[in-house]
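1. no sequence for this one, just the structure:
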């Protein structure tokens, strides 16, 4: 199981010596621990910077070119165009992104290109907008400035074995888990992007992402770190449910088995309550 007491010095799900983590992994976890906190009804966690972020170049010169390339690609595809516009509107309407204001002098600014991943088999989300922190400019990218982290995913084999141990099973996934977690103000400025609703007659508007971004190199560990922190903060009141959140969750999927339906209903209710404290919701 994960041991939050050893975050930053020992790999989760590992009985090996404490020095088994690389220096990079220890640094990444220490940075996550120092920036992760609850603010209001949500958790905030900062990017684990590996390099001095002041050296990250402002790549605005690249951003309009990538936007125009996207627009040209969508021009002859009206169905995908509407899906893209709808998906971007959701980002803005739900506060996952907002218009960027003029930044203070000295603020580190970086822009992310974006494109769509189309999934015809997904009725609820036929298109996912993917931002590209691996896009290079002057030989570097946002991802090249960040630690990856040691992988805080649980042991999938153990999760599946435990799932089959008892007669009554339940499953759910945490809806848009990454997007429920805020980035600190400074880190939103390196997640700027351009958008003009595919209206090429006007200048693009500058937006910034406000939430943990799926394609950032450390984002899986950032999200998992928040989940483990929530479990730690609630383990005294809800020991069984937090053990499930810690040990029977694989990224945003929770699967568990119980002896009787009543026990399953109780644990599902407790998980809902725990996760709701951080504005997370399990899809039924």
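-> Yep, it's here. What you see is a predicted model, and the numbers here were worked out from it, not measured in a lab. Residues are numbered from 1 along each chain as shown.
2. any low-confidence regions in the stretch 1-150 of the chain?
-> Residue ranges of the stretch 1-150 of the chain with pLDDT under 70: 1-19.
3. now the strands for it?
-> 37-39, 42-44, 97-99, 114-118, 127-131 (DSSP state E, counting those that start in this stretch).
4. put together TSV for the ones you listed, with mean neighbour count and distance to residue 159 on each row.
-> All C-beta atoms are positioned from the backbone trio N, CA, C, and that covers glycine. What follows is these, written out as TSV (neighbours: other Cβ atoms under 10 Å; distance: least, Cβ to Cβ, whole Å):
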stretch	mean neighbour count	distance to residue 159
strand 37-39	12	26
strand 42-44	19	23
strand 97-99	16	33
strand 114-118	16	26
strand 127-131	18	25
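5. as a markdown table, the ones you listed with distance to residue 52 would be great.
-> As requested, the strands of the stretch 1-150 of the chain are exported to a markdown table (distance: least, Cβ to Cβ, whole Å):
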| stretch | distance to residue 52 |
| --- | --- |
| strand 37-39 | 23 |
| strand 42-44 | 22 |
| strand 97-99 | 26 |
| strand 114-118 | 26 |
| strand 127-131 | 23 |
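6. quick one, which of those strands gets closest to residue 258.
-> Comparing these against residue 258 with Cβ to Cβ, the closest turns out to be strand 42-44 (28.0 Å).
7. show me what that closest one is packed against.
-> strand 37-39, helix 219-234 (3 or more Cβ pairs under 8 Å, 6 or more residues apart in numbering; DSSP states H and E).
8. related to what we said a few turns ago, tell me which of the strands of the stretch 1-150 of the chain lies nearest to residue 171.
-> Taking Cβ to Cβ, strand 127-131 is the member of the strands of the stretch 1-150 of the chain nearest to residue 171, at 21.8 Å.
9. got the angle between the closest one and strand 114-118?
-> Orientation check (axes from the mean of the first three to the mean of the last three Cα atoms, to 10 degrees): strand 127-131 against strand 114-118 gives 150 degrees.
10. can you list contacts of strand 127-131?
-> For strand 127-131, the surrounding residues in contact (Cβ atoms under 8 Å, 6 or more residues apart in numbering) are 80, 83-84, 86-88, 91, 112-119, 191, 193, 209, 213-215.
11. apply 6 Å and report the result again.
-> Residues from elsewhere that reach strand 127-131 (Cβ atoms under 6 Å, 6 or more residues apart in numbering): 83, 87, 112, 114, 115, 116, 117, 118, 213, 215.
12. possible to save those as a markdown table with distance to residue 171?
-> As requested, these are exported to a markdown table (distance: Cβ to Cβ, whole Å):
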| residue | distance to residue 171 |
| --- | --- |
| 83 | 28 |
| 87 | 26 |
| 112 | 33 |
| 114 | 31 |
| 115 | 31 |
| 116 | 28 |
| 117 | 24 |
| 118 | 26 |
| 213 | 26 |
| 215 | 26 |
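13. right, I'll leave it there.
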